[in-house]
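Student: The following block contains a protein sequence and its predicted model.
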Amino acid sequence: MSKKEVPGQGVHAGLLQKTPTGIQGLDEITRGGLPRGRPTLVCGGAGCGKTMLAAEFLVRGATEFNEPGVFMMFEENADELTTNMRSLGFDLDKLRRQKKIALDFVRVERSEIEETGEYDLEGLFIRLAHAIESVGAKRVVLDTIEALFAGLPNHAILRAELRRLFRWLKDRGMTAVITGERGETSLTRYGLEEYVADCVILLDHRIVDQVSTRRLRVVKYRGSAHGTNEYPFLIGEQGLSVLPITSMRLDHQATSQRVSTGIPRLDTMLGGQGVYRGSSVLVTGSPGTGKSSVGASFVHAACARGERALLFAYEESPSQLMRNMRSIGIELEPWVKKGLLQIHASRPTLQGLEQHLALMHAAVMRSKPDVVVVDPISNLTLHTDDSSLKPTLMRLIDFLKQQGITALFTALTGDGSVALAETQIGVSSLMDTWLMLSNLEFNGERTRTIQILKSRGMAHSNQVREFILSDHGVDLVDVYLVDDRVLTGSARLQQEQREKATTELRHRDQDRRLRELASRRKAIDAQIAALQAEATERAGELQFDIERENLEAEGNLQRSKAVAQRREGTAAKKAAAPRTRKASP
């Protein structure tokens, strides 16, 4: 390419322009990508992923940002690189046919350089310029620089040639990634490249306690702010995945929406509606207290609402977990078959702590769940005093809150005190809700109890409740107080039986008294009926007497009248008799 600068590329008087890599997490760490039109050095030991990062930078540019690229290699040929990248799901052959990528293998013979004693990059520049023009490249990868300068023992000439190479790339506005081997006492083998590159990224592949971990660090970035911590990264089926650390901020949005824990009476203790969506819940307890059962109830309720759930299990296989939960009436297998629930099970020795974090990050971004359960977080490390556990979980909690995901974490503690749980976990202050499970020993038995130590932003119960694992899942038992003392287990059952017997006796006595009252009422009613019958009878007799007396009186009156009438007739006859009598002779 003849022109010195490409529009939109190179160095301008304004802000430094950046080229996104397309690699998950790396653009966030570098605040937008690699410096546009400038070289970036990616260095590290064997097997740390330098070539993979450089190749993915090229592929993402060609497929996602319409920026063709050139990959010039000095160690492995094009066929080997194509085969290796196919394992990450990248088809370099297809991109080559589409003129989006040019692959060029340059063989450098050290013996030839030693014989002639001359070293000149002009031939490389011509070859590289041809490859750039053939696809209209915006990106260039050189892998690795040690192979290019392997036959040059003079460090003065080496440094001059490196400056010349980097200047050649800058003049043509190429955003370049150059890989280099890690030196024993410096970032690179020659200790020179980091002084002439505008951006230096260091990859590290370390083994701690027989556990492998890959990490990335941006050593320098001229003209740009960037994350300076170490970041774990994975090389998986979808390429590289870098988990940012310093980018986690307390700026997530909080919602007032509530979701059920899957245990109705526990929801009642949590203000009657459960926990806030997007919050973090910690469930701690000693072995056998039911932590996994609470977590299973949580994901079961989420799936029943039609939400997606992700469960990370570090003690049981998915099959074993589903079988065990089935024994208490929690069926997880149907949700797995419907695709609403994914169970990721692994041992803590499989990866390092930050590798687990990176895997969780990738799984969450892939499945987009509404609910995440980690059971238990204490198994993420083999050491109980691992100082990196808390910052790792802090990054995970912040990441989940940024995504609006409701998370439940279980943690194993010793028997008994809250203080012991705090010292072993060390993340309770990061949690919004903390549930403490305990095994109480009384009367020769253990009883499970639960209490809410805290729940931010809501009214919640301060009672210690007994809970049981039955055929219908997890359920809480009502508080049972006797003489200002909470009874649990068999003591509660015995007291319930005593009170049941007392209640039954009381009911029997009440029934007896009610029966006596009913009998007395019947007797009184019978007496009342007898008295009423007697009164009715006496009333009838009285009425009869009255009627008889009236009849007798009426008869007497009639007789009196008849007598009077007869007397009046006799008197009249006597009065008329002298007037009709004649004189005697």
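Tutor: The structure has been received and is ready for your questions.

Student: what ranges do the strands span in the stretch 351-500 of the chain?
Tutor: Residue ranges of the strands in the stretch 351-500 of the chain, as given by DSSP state E, counting those that start in this stretch, are 371-375, 406-412, 433-442, 445-455, 465-470, 473-477, 481-482, 485-486.

Student: Need those in TSV (columns: distance to Leu266).
Tutor: C-beta here means a position set from N, CA and C on the backbone, and glycine is covered the same way. Converted to TSV, the strands of the stretch 351-500 of the chain look like this (distance: least, C-beta to C-beta, whole Å):
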stretch	distance to Leu266
strand 371-375	15
strand 406-412	12
strand 433-442	8
strand 445-455	7
strand 465-470	8
strand 473-477	6
strand 481-482	20
strand 485-486	17
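
Student: Output these in CSV, with mean pLDDT appended to each entry.
Tutor: Output for those, formatted as CSV (pLDDT from 0 to 100):
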stretch, mean pLDDT
strand 371-375, 93
strand 406-412, 90
strand 433-442, 85
strand 445-455, 85
strand 465-470, 84
strand 473-477, 83
strand 481-482, 59
strand 485-486, 60
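
Student: In CSV: those strands, plus distance to Arg515 and mean neighbour count.
Tutor: Output for the strands of the stretch 351-500 of the chain, formatted as CSV (distance: least, C-beta to C-beta, whole Å; neighbours: other C-beta atoms under 10 Å):
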stretch, distance to Arg515, mean neighbour count
strand 371-375, 59, 26
strand 406-412, 57, 26
strand 433-442, 42, 19
strand 445-455, 42, 19
strand 465-470, 40, 17
strand 473-477, 37, 20
strand 481-482, 32, 12
strand 485-486, 38, 12
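
Student: Compare those and give me the one nearest Asn77.
Tutor: For Asn77, the closest of these is strand 371-375, at 43.8 Å, according to C-beta to C-beta.

Student: mind listing what that closest one pairs with, with the direction of each?
Tutor: With DSSP bridges as the test, strand 371-375 is paired with strand 309-313 (parallel), strand 406-412 (parallel).

Student: can you redo the ones you listed as a markdown table with distance to Thr284?
Tutor: A markdown table is the format used below for the strands paired with strand 371-375 (distance: least, C-beta to C-beta, whole Å):
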| stretch | distance to Thr284 |
| --- | --- |
| strand 309-313 | 17 |
| strand 406-412 | 5 |
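
Student: out of those strands, which comes closest to Ala46?
Tutor: Among these, the nearest to Ala46 by C-beta to C-beta is strand 309-313 (31.4 Å).

Student: Identify all contacting residues around the closest one.
Tutor: 295-296, 299, 302-303, 321, 335, 340-345, 360, 363-364, 367, 369-375 (C-beta atoms under 8 Å, 6 or more residues apart in numbering).

Student: Only the buried residues of the helix or strand following it, if you could.
Tutor: Next helix or strand after strand 309-313 toward the C-terminus (DSSP states H and E): helix 318-326. Buried residues in helix 318-326, counted by 16 or more other C-beta atoms under 10 Å: 318, 321-322, 325.

Student: helix or strand right after helix 318-326?
Tutor: Downstream of helix 318-326, the next assigned helix or strand under DSSP H and E is helix 333-338.

Student: Which other helices and strands does the helix or strand following that following helix contact?
Tutor: Moving toward the C-terminus from helix 333-338, the next helix or strand (DSSP H and E) is strand 341-345. With contacts taken as 3 or more C-beta pairs under 8 Å, 6 or more residues apart in numbering; DSSP states H and E, strand 341-345 sits against strand 309-313, helix 318-326, helix 333-338, helix 353-367.

Student: if I pick Val70, what's in contact with it?
Tutor: Residues near Val70 by C-beta under 8 Å, 6+ apart: 58, 101-104, 128, 131-132, 135, 137, 139-141.

Student: now, which of the residues you listed lie within strands?
Tutor: Applying DSSP state E to those, the entries found in strands are 101-104, 139-141.

Student: thinking again about what came up before, can you say which of the strands of the stretch 351-500 of the chain is nearest to Leu517?
Tutor: Among the strands of the stretch 351-500 of the chain, the nearest to Leu517 by C-beta to C-beta is strand 481-482 (33.3 Å).

Student: Now for the protein: which helix has the highest residue count?
Tutor: Counting residues, the longest helix found in the chain (DSSP state H) is helix 489-576.

Student: now the angle from that one to strand 433-442?
Tutor: Orientation check (axes from the mean of the first three to the mean of the last three C-alpha atoms, to 10 degrees): helix 489-576 against strand 433-442 gives 90 degrees.

Student: sorry, back to before: so of the helices and strands packed on strand 341-345, which one's packed in deepest?
Tutor: strand 309-313 (a mean of 24; mean count of other C-beta atoms under 10 Å).

Student: just the angle between that strand and helix 353-367, please?
Tutor: Using the same axes, to 10 degrees: strand 309-313 against helix 353-367 is 160 degrees.

Student: quick one on the thing from earlier: ok, the buried residues of helix 318-326 vs Leu437, which is closest?
Tutor: Proximity of the buried residues of helix 318-326 to Leu437 (C-beta to C-beta) peaks at Met325, which lies at 16.6 Å.

Student: Quick one: closest of the strands paired with strand 371-375 to Leu34.
Tutor: strand 309-313 (32.2 Å).

Student: now the closest one, how far from the chain's geometric center?
Tutor: Taking C-alpha atoms, centre = their mean, to the nearest Å, one finds strand 309-313 lying 8 Å from the centre of the chain it belongs to.

Student: Then stretch 547-560?
Tutor: Taking C-alpha atoms, centre = their mean, one finds stretch 547-560 lying 109 Å from the centre of the chain it belongs to.

Student: hey, C-alpha coordinates of it in PDB?
Tutor: C-alpha atoms of stretch 547-560 as PDB (Å, rounded to 0.1, in the frame of the first residue of the first chain):
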ATOM      1  CA  GLU A 547    -120.700 -23.600  80.800                       C
ATOM      2  CA  ARG A 548    -122.600 -25.900  83.200                       C
ATOM      3  CA  GLU A 549    -123.000 -23.100  85.600                       C
ATOM      4  CA  ASN A 550    -124.200 -20.800  82.800                       C
ATOM      5  CA  LEU A 551    -126.600 -23.500  81.600                       C
ATOM      6  CA  GLU A 552    -127.900 -24.100  85.100                       C
ATOM      7  CA  ALA A 553    -128.300 -20.300  85.600                       C
ATOM      8  CA  GLU A 554    -130.100 -20.100  82.200                       C
ATOM      9  CA  GLY A 555    -132.300 -23.000  83.200                       C
ATOM     10  CA  ASN A 556    -133.100 -21.500  86.500                       C
ATOM     11  CA  LEU A 557    -133.900 -18.200  84.800                       C
ATOM     12  CA  GLN A 558    -136.200 -19.900  82.300                       C
ATOM     13  CA  ARG A 559    -137.900 -21.800  85.100                       C
ATOM     14  CA  SER A 560    -138.300 -18.600  87.000                       C
END
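
Student: The helix or strand containing Ile201 pairs with which strands, and in what direction?
Tutor: Taking DSSP H and E as the definition, Ile201 sits inside strand 199-208. Next to strand 199-208 in the sheet, as set by DSSP bridges, lie strand 39-44 (parallel), strand 211-221 (antiparallel).

Student: Output the shortest one as CSV - backbone C-alpha positions only.
Tutor: Taking C-alpha atoms only, strand 39-44 is exported to CSV below (Å, rounded to 0.1, in the frame of the first residue of the first chain):
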residue,chain,number,x,y,z
PRO,A,39,1.4,-2.6,16.6
THR,A,40,0.5,-4.6,19.7
LEU,A,41,2.8,-7.2,21.2
VAL,A,42,1.3,-10.4,22.6
CYS,A,43,3.9,-12.3,24.6
GLY,A,44,4.0,-15.3,26.8
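
Student: shaky segments in the stretch 201-350 of the chain?
Tutor: Of all residues in the stretch 201-350 of the chain, those with pLDDT under 70 make up the ranges 208-211, 244-250, 348-350.

Student: And the strand holding Ile201, how far out from the chain middle?
Tutor: Strand 199-208 sits 31 Å away from the centroid of its parent chain (C-alpha atoms, centre = their mean).

Student: in that strand, what's buried?
Tutor: The neighbour-count check on strand 199-208 (16+ other C-beta under 10 Å) flags 199-204 as buried.

Student: Just give me the closest of those residues to Ala78.
Tutor: Comparing the buried residues of strand 199-208 against Ala78 with C-beta to C-beta picks out Leu203 as the nearest, at 23.0 Å.
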